[in-house]
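**Q** how would this look folded up:
(one chain, ligands or ions: 1)
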Amino acid sequence: MRRITVLGATGSIGESTLDVVRRHPDRYAIHALTAHRQVDKLAAQCIEFRPARTVVADAGAAAELRGKLAAAGIATDVLHGEAALEAVATDAEADTVMAAIVGAAGLRPTLAAARAGKRVLLANKEALVMSGAIFMDAVREHGATLLPIDSEHNAIFQCLPNDDPRYGAGVSRVVLTASGGPFRTRDPATLHDITPDQACAHPNWVMGRKISVDSATMMNKGLEVIEAHWLFAAPADRIEVLIHPQSIVHSMVAYADGSVLAQLGNPDMRTPIAYGLAWPERVDAGVSALDLALAGTLTFETPDLTRFPCLALAFDALRAGGIAPAVLNAANEVAVERFLQGAIRFTDIAGIVARVLERSPAQPADSLDTVLEADRHARQLATALVSGGAGRPAASQGLPQGAHIPG
Ligand code: NDP
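**A** So this is what the prediction gives:
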(Lines give C-alpha, C1' and ligand atoms only; values in the text may rest on other atoms or scores of the structure.)
Protein backbone atom coordinates (compact mmCIF):
# COMPACT_ATOMS: atom_id res chain seq x y z
CA MET A 1 0.00 0.00 0.00
CA ARG A 2 1.44 3.36 -1.06
CA ARG A 3 0.87 6.18 1.45
CA ILE A 4 0.61 9.54 -0.24
CA THR A 5 0.91 13.17 0.73
CA VAL A 6 -0.77 15.50 -1.75
CA LEU A 7 0.65 19.04 -1.66
CA GLY A 8 -1.93 21.27 -3.34
CA ALA A 9 -4.80 18.79 -2.98
CA THR A 10 -7.53 21.32 -3.77
CA GLY A 11 -6.07 22.31 -7.14
CA SER A 12 -6.64 20.84 -10.57
CA ILE A 13 -3.78 18.31 -10.28
CA GLY A 14 -4.62 17.60 -6.63
CA GLU A 15 -8.22 16.73 -7.48
CA SER A 16 -7.17 14.56 -10.42
CA THR A 17 -4.73 12.76 -8.12
CA LEU A 18 -7.47 12.07 -5.60
CA ASP A 19 -9.67 10.77 -8.39
CA VAL A 20 -7.05 8.17 -9.33
CA VAL A 21 -6.49 7.30 -5.65
CA ARG A 22 -10.24 6.87 -5.18
CA ARG A 23 -10.29 4.20 -7.89
CA HIS A 24 -7.67 2.04 -6.16
CA PRO A 25 -8.34 1.83 -2.41
CA ASP A 26 -6.42 -1.46 -2.38
CA ARG A 27 -3.21 0.25 -3.61
CA TYR A 28 -3.26 3.83 -2.31
CA ALA A 29 -4.03 5.59 0.96
CA ILE A 30 -3.78 9.29 1.74
CA HIS A 31 -1.42 10.32 4.54
CA ALA A 32 -1.73 14.11 4.28
CA LEU A 33 -3.55 16.73 2.21
CA THR A 34 -2.61 20.39 1.91
CA ALA A 35 -4.32 23.49 0.54
CA HIS A 36 -3.89 27.22 0.86
CA ARG A 37 -7.27 28.87 1.43
CA GLN A 38 -9.99 26.62 0.03
CA VAL A 39 -11.12 25.30 3.41
CA ASP A 40 -14.50 23.93 2.30
CA LYS A 41 -13.00 21.84 -0.47
CA LEU A 42 -10.21 20.58 1.78
CA ALA A 43 -12.72 19.68 4.51
CA ALA A 44 -14.71 17.58 2.02
CA GLN A 45 -11.50 15.84 0.91
CA CYS A 46 -10.52 15.13 4.52
CA ILE A 47 -13.95 13.69 5.23
CA GLU A 48 -13.62 11.34 2.26
CA PHE A 49 -9.93 10.35 2.53
CA ARG A 50 -9.35 10.62 6.33
CA PRO A 51 -5.71 11.82 6.19
CA ALA A 52 -3.65 11.75 9.39
CA ARG A 53 -2.59 15.38 8.83
CA THR A 54 -3.65 18.38 6.82
CA VAL A 55 -2.15 21.84 6.24
CA VAL A 56 -3.64 25.23 5.39
CA ALA A 57 -2.14 28.72 5.01
CA ASP A 58 -2.73 30.31 8.40
CA ALA A 59 -4.22 30.02 11.89
CA GLY A 60 -7.58 31.42 10.81
CA ALA A 61 -8.04 28.85 8.05
CA ALA A 62 -6.84 26.12 10.41
CA ALA A 63 -9.42 27.08 13.06
CA GLU A 64 -12.18 27.08 10.46
CA LEU A 65 -11.09 23.66 9.15
CA ARG A 66 -10.85 22.20 12.68
CA GLY A 67 -14.42 23.28 13.31
CA LYS A 68 -15.68 21.61 10.14
CA LEU A 69 -13.78 18.37 10.80
CA ALA A 70 -14.88 18.22 14.44
CA ALA A 71 -18.50 18.62 13.35
CA ALA A 72 -18.03 15.66 10.98
CA GLY A 73 -16.25 13.56 13.63
CA ILE A 74 -12.94 13.48 11.70
CA ALA A 75 -9.74 13.20 13.77
CA THR A 76 -7.30 14.70 11.22
CA ASP A 77 -4.52 16.80 12.75
CA VAL A 78 -4.80 20.35 11.31
CA LEU A 79 -1.56 22.34 10.87
CA HIS A 80 -0.78 25.63 9.18
CA GLY A 81 2.09 27.54 7.61
CA GLU A 82 5.11 26.84 5.43
CA ALA A 83 7.02 24.76 8.00
CA ALA A 84 4.00 22.46 8.27
CA LEU A 85 4.10 21.88 4.50
CA GLU A 86 7.68 20.69 4.82
CA ALA A 87 6.74 18.54 7.81
CA VAL A 88 4.02 16.62 5.95
CA ALA A 89 6.24 16.34 2.86
CA THR A 90 8.86 14.53 4.93
CA ASP A 91 6.70 12.46 7.34
CA ALA A 92 8.08 8.94 7.67
CA GLU A 93 4.54 7.52 7.32
CA ALA A 94 4.30 8.68 3.68
CA ASP A 95 6.41 7.15 0.90
CA THR A 96 5.05 9.26 -1.97
CA VAL A 97 4.58 13.01 -2.34
CA MET A 98 2.52 14.58 -5.11
CA ALA A 99 4.04 18.05 -5.56
CA ALA A 100 1.07 20.02 -6.93
CA ILE A 101 1.32 23.41 -5.27
CA VAL A 102 1.37 26.13 -7.92
CA GLY A 103 4.40 28.37 -8.28
CA ALA A 104 7.47 29.09 -6.16
CA ALA A 105 5.50 28.36 -2.96
CA GLY A 106 6.02 24.68 -3.75
CA LEU A 107 9.81 24.80 -3.82
CA ARG A 108 10.63 24.23 -0.14
CA PRO A 109 8.23 21.36 0.55
CA THR A 110 9.04 19.66 -2.77
CA LEU A 111 12.77 19.92 -2.13
CA ALA A 112 12.20 18.67 1.42
CA ALA A 113 10.40 15.61 0.02
CA ALA A 114 13.36 14.92 -2.28
CA ARG A 115 15.78 15.30 0.63
CA ALA A 116 13.67 12.83 2.62
CA GLY A 117 14.13 10.28 -0.19
CA LYS A 118 10.47 10.10 -1.19
CA ARG A 119 8.94 9.11 -4.47
CA VAL A 120 8.27 12.64 -5.71
CA LEU A 121 5.60 13.07 -8.36
CA LEU A 122 6.54 16.44 -9.81
CA ALA A 123 3.73 18.59 -11.19
CA ASN A 124 5.09 21.80 -9.63
CA LYS A 125 7.50 22.58 -12.48
CA GLU A 126 8.34 26.00 -11.03
CA ALA A 127 10.19 24.29 -8.15
CA LEU A 128 12.57 22.55 -10.57
CA VAL A 129 12.89 25.57 -12.87
CA MET A 130 14.01 27.67 -9.90
CA SER A 131 16.37 25.28 -8.21
CA GLY A 132 17.59 23.07 -11.13
CA ALA A 133 20.90 21.51 -10.14
CA ILE A 134 20.20 21.88 -6.39
CA PHE A 135 17.02 19.87 -6.76
CA MET A 136 18.54 17.16 -8.97
CA ASP A 137 21.50 16.82 -6.60
CA ALA A 138 19.08 16.35 -3.69
CA VAL A 139 17.26 13.61 -5.61
CA ARG A 140 20.54 11.79 -6.28
CA GLU A 141 22.10 12.27 -2.86
CA HIS A 142 19.04 11.19 -0.90
CA GLY A 143 17.92 8.33 -3.13
CA ALA A 144 14.60 9.94 -4.04
CA THR A 145 12.64 8.78 -7.07
CA LEU A 146 11.60 11.69 -9.26
CA LEU A 147 8.72 11.02 -11.64
CA PRO A 148 7.51 13.79 -13.96
CA ILE A 149 3.78 14.49 -13.97
CA ASP A 150 3.70 17.26 -16.55
CA SER A 151 2.16 15.37 -19.47
CA GLU A 152 5.02 16.25 -21.83
CA HIS A 153 7.77 15.13 -19.46
CA ASN A 154 5.81 12.08 -18.45
CA ALA A 155 5.59 11.25 -22.17
CA ILE A 156 9.34 11.74 -22.66
CA PHE A 157 10.02 9.64 -19.57
CA GLN A 158 7.91 6.87 -21.12
CA CYS A 159 9.79 7.15 -24.45
CA LEU A 160 13.31 7.09 -23.00
CA PRO A 161 15.02 3.78 -22.09
CA ASN A 162 13.59 2.32 -18.86
CA ASP A 163 16.96 1.67 -17.29
CA ASP A 164 18.30 5.21 -17.91
CA PRO A 165 15.58 7.77 -18.65
CA ARG A 166 18.01 10.55 -19.58
CA TYR A 167 19.32 12.19 -22.70
CA GLY A 168 22.34 10.16 -23.75
CA ALA A 169 23.88 7.92 -26.33
CA GLY A 170 21.41 7.20 -29.08
CA VAL A 171 19.05 10.08 -28.28
CA SER A 172 19.27 12.97 -30.73
CA ARG A 173 16.43 15.26 -29.55
CA VAL A 174 13.56 15.52 -27.13
CA VAL A 175 10.50 17.11 -28.67
CA LEU A 176 8.00 18.86 -26.42
CA THR A 177 4.60 19.31 -27.98
CA ALA A 178 2.47 22.35 -27.18
CA SER A 179 -1.15 23.04 -27.97
CA GLY A 180 -0.38 26.69 -28.72
CA GLY A 181 -3.14 27.71 -26.32
CA PRO A 182 -6.27 29.69 -27.11
CA PHE A 183 -4.55 32.44 -29.16
CA ARG A 184 -2.50 30.36 -31.58
CA THR A 185 -4.28 31.79 -34.61
CA ARG A 186 -5.62 35.07 -33.23
CA ASP A 187 -4.47 38.29 -34.90
CA PRO A 188 -1.47 39.44 -32.75
CA ALA A 189 -2.71 43.04 -33.05
CA THR A 190 -5.74 42.09 -30.93
CA LEU A 191 -3.86 40.25 -28.16
CA HIS A 192 -3.79 43.31 -25.90
CA ASP A 193 -7.57 43.12 -25.44
CA ILE A 194 -7.60 39.65 -23.98
CA THR A 195 -9.37 39.18 -20.64
CA PRO A 196 -8.24 36.78 -17.90
CA ASP A 197 -11.23 34.51 -18.58
CA GLN A 198 -10.36 34.32 -22.28
CA ALA A 199 -6.75 33.50 -21.43
CA CYS A 200 -7.88 30.76 -19.02
CA ALA A 201 -10.19 29.09 -21.57
CA HIS A 202 -7.73 26.49 -22.82
CA PRO A 203 -8.93 24.59 -25.90
CA ASN A 204 -7.92 21.09 -24.68
CA TRP A 205 -7.01 21.07 -20.97
CA VAL A 206 -8.85 22.15 -17.83
CA MET A 207 -6.20 23.56 -15.49
CA GLY A 208 -5.57 26.07 -12.72
CA ARG A 209 -5.60 29.74 -13.74
CA LYS A 210 -1.88 30.40 -13.49
CA ILE A 211 -0.84 27.54 -15.77
CA SER A 212 -3.70 28.39 -18.13
CA VAL A 213 -2.30 31.91 -18.63
CA ASP A 214 1.19 30.40 -18.98
CA SER A 215 -0.18 28.16 -21.73
CA ALA A 216 -1.69 31.13 -23.53
CA THR A 217 1.65 33.02 -23.49
CA MET A 218 3.58 29.75 -24.01
CA MET A 219 5.66 30.61 -20.95
CA ASN A 220 4.39 27.24 -19.77
CA LYS A 221 6.28 25.60 -22.63
CA GLY A 222 9.31 27.71 -21.80
CA LEU A 223 9.23 26.52 -18.19
CA GLU A 224 8.84 22.99 -19.52
CA VAL A 225 11.94 23.37 -21.71
CA ILE A 226 13.92 24.24 -18.58
CA GLU A 227 12.24 21.42 -16.69
CA ALA A 228 13.18 18.95 -19.48
CA HIS A 229 16.77 20.15 -19.36
CA TRP A 230 17.03 19.22 -15.69
CA LEU A 231 14.91 16.08 -15.67
CA PHE A 232 16.59 14.44 -18.64
CA ALA A 233 20.01 16.17 -18.68
CA ALA A 234 19.17 17.42 -22.18
CA PRO A 235 21.19 20.34 -23.62
CA ALA A 236 19.11 23.38 -24.65
CA ASP A 237 19.91 22.89 -28.33
CA ARG A 238 18.58 19.32 -28.17
CA ILE A 239 15.16 20.37 -26.90
CA GLU A 240 12.65 21.22 -29.58
CA VAL A 241 9.15 22.66 -29.24
CA LEU A 242 6.48 21.74 -31.75
CA ILE A 243 2.95 23.08 -31.76
CA HIS A 244 0.40 20.30 -31.95
CA PRO A 245 -3.05 21.82 -31.49
CA GLN A 246 -4.88 18.53 -30.90
CA SER A 247 -2.89 17.65 -27.71
CA ILE A 248 -2.93 13.93 -28.54
CA VAL A 249 0.82 13.40 -28.96
CA HIS A 250 2.11 14.45 -25.55
CA SER A 251 5.79 14.56 -26.55
CA MET A 252 8.45 12.57 -28.39
CA VAL A 253 12.03 11.35 -28.28
CA ALA A 254 14.06 11.22 -31.50
CA TYR A 255 16.86 8.67 -31.74
CA ALA A 256 20.07 8.63 -33.78
CA ASP A 257 18.80 5.86 -36.06
CA GLY A 258 15.89 8.01 -37.23
CA SER A 259 13.28 6.45 -34.92
CA VAL A 260 10.92 8.78 -33.11
CA LEU A 261 9.02 7.40 -30.12
CA ALA A 262 5.90 9.26 -29.04
CA GLN A 263 3.38 8.83 -26.25
CA LEU A 264 -0.24 9.45 -27.21
CA GLY A 265 -3.46 9.68 -25.26
CA ASN A 266 -6.51 11.81 -24.66
CA PRO A 267 -5.61 15.08 -22.91
CA ASP A 268 -6.37 14.07 -19.31
CA MET A 269 -3.87 14.59 -16.49
CA ARG A 270 -5.06 11.41 -14.78
CA THR A 271 -2.94 9.42 -17.27
CA PRO A 272 0.46 10.82 -16.19
CA ILE A 273 -0.71 10.93 -12.56
CA ALA A 274 -1.68 7.25 -12.63
CA TYR A 275 1.62 6.43 -14.33
CA GLY A 276 3.53 8.24 -11.58
CA LEU A 277 1.54 6.56 -8.83
CA ALA A 278 1.81 3.04 -10.24
CA TRP A 279 5.23 3.19 -11.94
CA PRO A 280 6.67 0.85 -13.13
CA GLU A 281 3.23 -0.76 -13.31
CA ARG A 282 0.11 0.69 -14.90
CA VAL A 283 -3.37 1.08 -13.46
CA ASP A 284 -6.75 2.26 -14.65
CA ALA A 285 -6.83 6.07 -14.59
CA GLY A 286 -10.48 6.51 -15.53
CA VAL A 287 -9.40 8.01 -18.87
CA SER A 288 -11.38 7.15 -22.00
CA ALA A 289 -9.58 5.14 -24.68
CA LEU A 290 -7.94 7.13 -27.44
CA ASP A 291 -9.87 6.86 -30.71
CA LEU A 292 -7.46 7.97 -33.43
CA ALA A 293 -10.07 7.60 -36.15
CA LEU A 294 -12.23 10.05 -34.23
CA ALA A 295 -9.26 12.38 -33.68
CA GLY A 296 -8.78 12.30 -37.45
CA THR A 297 -5.93 14.64 -38.32
CA LEU A 298 -2.89 15.33 -36.14
CA THR A 299 -0.99 18.46 -37.17
CA PHE A 300 2.35 19.98 -36.16
CA GLU A 301 3.92 23.38 -36.70
CA THR A 302 6.91 25.41 -35.53
CA PRO A 303 6.07 28.04 -32.89
CA ASP A 304 6.04 31.67 -34.00
CA LEU A 305 8.27 33.45 -31.49
CA THR A 306 6.98 36.91 -32.35
CA ARG A 307 3.57 35.70 -31.21
CA PHE A 308 5.06 33.83 -28.23
CA PRO A 309 8.05 35.87 -26.96
CA CYS A 310 7.89 34.17 -23.54
CA LEU A 311 9.09 30.94 -25.10
CA ALA A 312 12.19 32.68 -26.46
CA LEU A 313 12.82 34.31 -23.08
CA ALA A 314 12.78 30.91 -21.39
CA PHE A 315 15.33 29.49 -23.86
CA ASP A 316 17.48 32.56 -23.18
CA ALA A 317 17.22 32.04 -19.42
CA LEU A 318 18.14 28.38 -19.76
CA ARG A 319 21.21 29.27 -21.83
CA ALA A 320 22.18 32.03 -19.40
CA GLY A 321 21.94 29.53 -16.50
CA GLY A 322 22.58 30.38 -12.84
CA ILE A 323 19.74 32.33 -11.29
CA ALA A 324 18.22 33.38 -14.65
CA PRO A 325 15.50 30.66 -14.70
CA ALA A 326 14.49 31.59 -11.12
CA VAL A 327 14.33 35.25 -12.14
CA LEU A 328 12.27 34.40 -15.22
CA ASN A 329 9.87 32.34 -13.13
CA ALA A 330 9.45 34.95 -10.40
CA ALA A 331 8.85 37.80 -12.85
CA ASN A 332 6.35 35.67 -14.70
CA GLU A 333 4.48 34.73 -11.52
CA VAL A 334 4.10 38.39 -10.58
CA ALA A 335 3.09 39.42 -14.09
CA VAL A 336 0.53 36.62 -14.44
CA GLU A 337 -0.96 37.38 -11.03
CA ARG A 338 -1.29 41.05 -11.94
CA PHE A 339 -2.82 40.16 -15.30
CA LEU A 340 -5.37 37.93 -13.55
CA GLN A 341 -6.16 40.85 -11.23
CA GLY A 342 -6.75 43.10 -14.23
CA ALA A 343 -3.78 45.36 -13.42
CA ILE A 344 -1.85 44.78 -16.66
CA ARG A 345 -2.55 43.59 -20.17
CA PHE A 346 -1.91 40.12 -21.51
CA THR A 347 0.75 41.55 -23.83
CA ASP A 348 2.56 43.17 -20.89
CA ILE A 349 3.57 39.83 -19.40
CA ALA A 350 6.49 39.16 -21.76
CA GLY A 351 7.75 42.74 -21.52
CA ILE A 352 7.86 42.63 -17.73
CA VAL A 353 9.70 39.31 -17.71
CA ALA A 354 12.19 40.60 -20.31
CA ARG A 355 12.90 43.77 -18.33
CA VAL A 356 13.36 41.95 -15.04
CA LEU A 357 15.81 39.56 -16.72
CA GLU A 358 17.73 42.49 -18.23
CA ARG A 359 18.01 44.14 -14.81
CA SER A 360 19.12 41.02 -12.92
CA PRO A 361 22.90 40.49 -12.96
CA ALA A 362 24.11 36.98 -13.77
CA GLN A 363 24.92 34.88 -10.73
CA PRO A 364 25.47 31.16 -10.15
CA ALA A 365 22.58 29.35 -8.44
CA ASP A 366 24.87 27.72 -5.92
CA SER A 367 22.58 27.52 -2.89
CA LEU A 368 18.92 27.52 -2.04
CA ASP A 369 19.36 30.86 -0.27
CA THR A 370 20.80 32.40 -3.45
CA VAL A 371 17.85 31.12 -5.46
CA LEU A 372 15.30 32.37 -2.94
CA GLU A 373 17.01 35.77 -2.82
CA ALA A 374 16.96 35.95 -6.64
CA ASP A 375 13.26 35.07 -6.54
CA ARG A 376 12.56 37.78 -3.96
CA HIS A 377 14.53 40.42 -5.83
CA ALA A 378 12.92 39.59 -9.18
CA ARG A 379 9.47 39.85 -7.60
CA GLN A 380 10.36 43.29 -6.26
CA LEU A 381 11.57 44.42 -9.68
CA ALA A 382 8.50 43.05 -11.43
CA THR A 383 6.17 44.65 -8.89
CA ALA A 384 7.94 47.99 -9.31
CA LEU A 385 7.63 47.74 -13.09
CA VAL A 386 3.92 47.02 -12.85
CA SER A 387 3.36 49.87 -10.37
CA GLY A 388 5.44 52.23 -12.49
CA GLY A 389 3.44 51.33 -15.59
CA ALA A 390 6.56 50.03 -17.33
CA GLY A 391 4.72 47.05 -18.70
CA ARG A 392 1.53 48.88 -19.70
CA PRO A 393 1.24 50.23 -23.21
CA ALA A 394 2.13 47.04 -24.93
CA ALA A 395 -0.49 46.61 -27.58
CA SER A 396 2.11 45.36 -30.06
CA GLN A 397 5.03 44.38 -27.94
CA GLY A 398 6.77 42.11 -30.44
CA LEU A 399 9.87 40.17 -29.60
CA PRO A 400 11.78 41.45 -26.57
CA GLN A 401 15.40 42.40 -26.94
CA GLY A 402 17.63 39.34 -26.78
CA ALA A 403 14.90 36.92 -27.81
CA HIS A 404 15.82 34.52 -30.59
CA ILE A 405 14.70 31.38 -32.29
CA PRO A 406 15.54 28.33 -30.15
CA GLY A 407 17.27 25.19 -31.30
P1 NDP B 1 -4.26 25.15 -9.05
O2 NDP B 1 -4.19 26.60 -8.99
O3 NDP B 1 -5.46 24.48 -9.58
O4 NDP B 1 -3.98 24.55 -7.57
C5 NDP B 1 -2.89 24.97 -6.80
C6 NDP B 1 -2.87 24.28 -5.47
O7 NDP B 1 -1.80 24.86 -4.69
C8 NDP B 1 -4.13 24.44 -4.65
O9 NDP B 1 -4.31 23.33 -3.82
C10 NDP B 1 -3.82 25.69 -3.81
O11 NDP B 1 -4.59 25.77 -2.61
C12 NDP B 1 -2.36 25.46 -3.49
N13 NDP B 1 -1.64 26.69 -3.24
C14 NDP B 1 -1.72 27.85 -3.93
N15 NDP B 1 -0.89 28.77 -3.41
C16 NDP B 1 -0.28 28.18 -2.37
C17 NDP B 1 0.68 28.63 -1.41
N18 NDP B 1 1.18 29.89 -1.42
N19 NDP B 1 1.07 27.77 -0.45
C20 NDP B 1 0.59 26.51 -0.41
N21 NDP B 1 -0.32 26.02 -1.29
C22 NDP B 1 -0.74 26.86 -2.26
O23 NDP B 1 -2.97 24.66 -9.87
P24 NDP B 1 -2.80 23.39 -10.82
O25 NDP B 1 -3.30 22.17 -10.12
O26 NDP B 1 -3.29 23.71 -12.17
O27 NDP B 1 -1.22 23.33 -10.95
C28 NDP B 1 -0.41 22.87 -9.88
C29 NDP B 1 1.01 22.69 -10.40
O30 NDP B 1 0.99 21.64 -11.38
C31 NDP B 1 1.57 23.93 -11.11
O32 NDP B 1 2.92 24.02 -10.85
C33 NDP B 1 1.33 23.63 -12.58
O34 NDP B 1 2.28 24.25 -13.41
C35 NDP B 1 1.51 22.12 -12.61
N36 NDP B 1 0.82 21.45 -13.69
C37 NDP B 1 -0.55 21.54 -13.79
C38 NDP B 1 -1.23 20.93 -14.83
C39 NDP B 1 -2.71 20.97 -14.91
O40 NDP B 1 -3.28 20.30 -15.81
N41 NDP B 1 -3.41 21.69 -14.06
C42 NDP B 1 -0.49 20.19 -15.87
C43 NDP B 1 0.91 20.10 -15.62
C44 NDP B 1 1.55 20.71 -14.58
P45 NDP B 1 -6.05 26.54 -2.62
O46 NDP B 1 -6.89 25.73 -3.55
O47 NDP B 1 -6.48 26.45 -1.21
O48 NDP B 1 -5.78 27.92 -3.12
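
**Q** Taking the centroid of the chain, which residue is nearest it?
**A** Nearest residue to the geometric centre of the chain (C-alpha atoms, centre = their mean): residue 125, 3.4 Å.

**Q** And the nearest residue to that residue once chain neighbours are set aside, how far from residue 376?
**A** Nearest non-adjacent residue to residue 125, counting by C-beta to C-beta, 6 or more residues apart in numbering: residue 227, 4.7 Å away. In this view, the C-beta of every residue, glycine as well, is placed from N, C-alpha and C. Per C-beta to C-beta, to the nearest Å, residue 227 is found 22 Å from residue 376.

**Q** These two: which is more packed in?
**A** The residue with more neighbours, out of residue 227 and residue 376, is residue 227; 26 against 13, by other C-beta atoms under 10 Å.

**Q** Distance check, that one against residue 29.
**A** 29 Å.

**Q** What of residue 308?
**A** Residue 308 is 42 Å from residue 29, by C-beta to C-beta.

**Q** Next: residue 368.
**A** 31 Å.

**Q** Residue 321 too?
**A** The spacing between residue 321 and residue 29, counted by C-beta to C-beta, is 41 Å.

**Q** Return the per-residue confidence for residue 84.
**A** Residue 84 is assigned 98 on the pLDDT scale.

**Q** Please give the number of neighbouring residues around it.
**A** Applying other C-beta under 10 Å, we find 21 residues neighbouring residue 84.

**Q** hang on, the earlier thing: following the host helix or strand of the residue nearest to residue 125 in sequence, what is the next regular element?
**A** Here residue 227, judged by DSSP states H and E, is contained in helix 219-232. Proceeding C-terminally, helix 219-232 gives way to strand 239-243 as the next helix or strand, assigned by DSSP H and E.

**Q** Summarise which helices and strands that following strand is packed against.
**A** strand 171-178, helix 219-232 (3 or more C-beta pairs under 8 Å, 6 or more residues apart in numbering; DSSP states H and E).

**Q** and the next element down the chain from it?
**A** Heading C-terminal from strand 239-243, the first helix or strand you meet, by DSSP H and E, is strand 249-255.

**Q** got the angle for that next one vs strand 239-243?
**A** Calculated by axes from the mean of the first three to the mean of the last three C-alpha atoms, to 10 degrees, strand 249-255 forms an angle of 140 degrees with strand 239-243.

**Q** Any part of strand 249-255 near the ligand?
**A** No: using C-beta under 6 Å from any ligand atom, strand 249-255 stays clear of the ligand, coming no nearer than 10.8 Å.

**Q** what's next to that strand, contact-wise?
**A** For strand 249-255, contacts defined as C-beta atoms under 8 Å, 6 or more residues apart in numbering pick out 151-156, 159-160, 170-177, 260-265, 272, 298.

**Q** still on that earlier bit, any idea how far the residue nearest to the centre of the chain lies from residue 310?
**A** As judged by C-beta to C-beta, residue 125 and residue 310 stand 14 Å apart.

**Q** repeat for residue 282
**A** From residue 282 to residue 310 the distance is 34 Å (C-beta to C-beta).

**Q** between these two, which one's more packed in?
**A** For residue 282 versus residue 310, the count of surrounding residues by other C-beta under 10 Å is larger for residue 310: 25 against 11.
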